[in-house]
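Q: Structure for the following, please:
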Amino acid sequence: MAQENWALVSIVVTLLGTASGIGWVIARQPQLGLNPAVVEAFNSRLRSWWIICCLLAVAFLSRGLTVALFGFISFWALREFITLTPTRLSDHRALFWVFFFFTPLQFVLVWMDLYELYSILIPVYAFLFIPLRIAIAGDPKRFLERASKIQAGLLICVYSLSFAPALLYLKTPNNDLYLSDNARLLFLLVLMSLISEAIQFAWSRLYGSHVIAPAINNSRTWEGFLGASASTSLIGWVVYQIGATPFKEAWQAALASMVIAVMGFAGAMTMSAIKRDRRVRDYGTLVEGHGGVLDRIDSICFAAPVFYHVTKQLLGAV
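A: Below you'll find the predicted structure:
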């Protein structure tokens, strides 16, 4: 394993280990006055992060396996989203096309590295097909609402998430990016998404006094958001200094990390709003006590497409 890869592994283990240690300590300190449910949710998310990072090790070995892994995660997340938003019998054929045609095709196109196609497949063709197929079914009741729900799920769970494995196919004009370089970009996306969540939790608990939207998520504060964005940017700068990213300049790694933190926050807030609207706590219960898949990747879903395009510009990739 290259020195840069060992550096990245060390960072992952150190940061997740530190966060896990903090979670273990605060769970055994009731005198701190923290909400036990929030602490438990934080610790269960940490356990999930360990699993996610271990699974992503395959990115250093095979692009195809990584795309397949994200395809499975995307399929399951979409299933949770659609289950949460009631549909009618007349929507089932449209959903069949969404699950068994557009979702796998999106990841096949990513695997084939056909950016010109996977970048427009869902927001153009799928988005036009879905309302048409529902209309053909002949059920006008809440037509616009039903079509919009399916489109939203496809956009968040499939289209946006597909840009995470797409990072493995970024190339520069000089072809100086190798599989390990692209894999480190993917790890940076996932790691910074996870770490920014932990840092935001810490900032909000230590210094948070201005809740952003109490009716949506009473644990998200402006102090947590700003502190996490700045801290994540600093961590990105540190990661660059030890050679664990393929960026050419330190400011590029810092900017990309900040983008991940900001968009991760946007994803968490948006998905929390959907859960409040549907009056549920979690999107699913794939693993008892861990919530659903979508609960664990909400920040990655929003960060992936923006990080992909920002990175593409910073590296001059094609």
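Q: Could you check the pLDDT of Leu55?
A: On the pLDDT scale, Leu55 is placed at 74.
Q: can you check Leu179 too?
A: 72.
Q: Quick check: it touching Leu168?
A: Yes - between Leu179 and Leu168 there is a contact under CB atoms under 8 Å: 7.1 Å. Yep, even glycine has a C-beta here, placed from its N, CA and C like the rest.
Q: How confident was the prediction at Val25?
A: Val25 is given a pLDDT of 74.
Q: So what's the residue count around it?
A: 10 (other CB atoms under 10 Å).
Q: show me the contacts for it.
A: With contact set as CB atoms under 8 Å, 6 or more residues apart in numbering, Val25 has no partners.
Q: Could you number the chain from 40 rather than 1 from now on?
A: Noted, 40 is the first residue going forward, which turns the last one into Val64.
Q: Whichever strand in the chain runs longest pairs with which strands, and in what direction?
A: In the chain, with assignment by DSSP state E, the single longest strand is strand 256-260. Using DSSP bridges, strand 256-260 pairs in its sheet with strand 250-252 (antiparallel).
Q: ok, and for the strand it pairs with, which residues are buried?
A: Residues of strand 250-252 classed as buried by neighbour count (16 or more other CB atoms under 10 Å): Val250, Ile251.
Q: which residues sit against that strand?
A: Asn257, Ser258, Arg259, Thr260, Trp261, Phe264, Met308, Ala312.
Q: ok, the residues you listed vs Phe226, which is closest?
A: Phe264 (23.6 Å; CB to CB).
Q: which residue sits closest to that closest one in space, ignoring its chain neighbours?
A: Phe304 (5.5 Å; CB to CB, 6 or more residues apart in numbering).
Q: ok, now how distant is Arg181 from Pro125?
A: Noted for Arg181: a distance of 10 Å to Pro125, by CB to CB, to the nearest Å.
Q: before we move on, back to that, between Leu218 and Leu207, what contacts are shared?
A: Contacts common to Leu218 and Leu207, judged by CB under 8 Å, 6+ apart, are Arg102.
Q: The two: who's more crowded?
A: Set Leu218 next to Leu207 and count neighbours by other CB under 10 Å: Leu207 wins out with 24 against 14.
Q: Assign the residue of the chain positioned farthest from its centre to helix, strand or coil.
A: Within the chain, the residue lying farthest from the chain centre (CA atoms, centre = their mean) is Gly177, at 35.9 Å. At Gly177 the chain is in coil, as set by DSSP: H, G, I helix; E, B strand; the rest coil.
Q: hang on, it packs against Ser129?
A: Yes - Gly177 is within contact range of Ser129, at 6.8 Å (criterion: CB under 8 Å).
Q: Show the average pLDDT along the helix or strand the residue nearest to Phe264 falls within.
A: According to DSSP states H and E, Phe304 maps onto helix 289-317. Confidence for helix 289-317, expressed as mean pLDDT, is 92.
Q: Quick check: closest non-adjacent residue to Ala342.
A: Ala342's closest residue in space is Met302 (CB to CB, 6+ apart), at 4.0 Å.
Q: which residues touch the one you found?
A: Contacts of Met302 were listed using CB under 8 Å, 6+ apart, and they are Ser338, Phe341, Ala342, Val345, Phe346.
Q: Okay, it and Thr122: tell me how far apart.
A: Counting by CB to CB - Met302 and Thr122 are separated by 25 Å.
Q: picking up where we left off before, quick one: neighbours of the residue nearest to Phe264, just the number.
A: For Phe304, the count of nearby residues is 23 (other CB under 10 Å).
Q: from memory it sits against Ser338, does it?
A: Yes - taking CB under 8 Å as the contact criterion, Phe304 and Ser338 are neighbours in contact, 7.3 Å apart.
Q: if I look at those two, which residues touch both of them?
A: Common neighbours of Phe304 and Ser338, using CB under 8 Å, 6+ apart, are Ser235.
Q: so Leu216, which of the three states?
A: Leu216 ends up coil, using three-state DSSP.
Q: List the contacts of it.
A: Leu209, Lys210, Pro285, Leu354, Ala356.
Q: Whichever of those residues end up buried, select them in ChimeraX.
A: Buried residues within the contacts of Leu216, by 16+ other CB under 10 Å, are selected in ChimeraX with:
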select :209,285,354,356
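Q: Among the contacts of Leu216, which pair sits farthest apart?
A: Most distant of the contacts of Leu216, by CB to CB, are Lys210 and Pro285, 11.6 Å apart.
Q: Sketch out the low-pLDDT regions of this structure for me.
A: 40-48, 68-74, 76-78, 80, 214-215, 320-330, 357 (pLDDT under 70).
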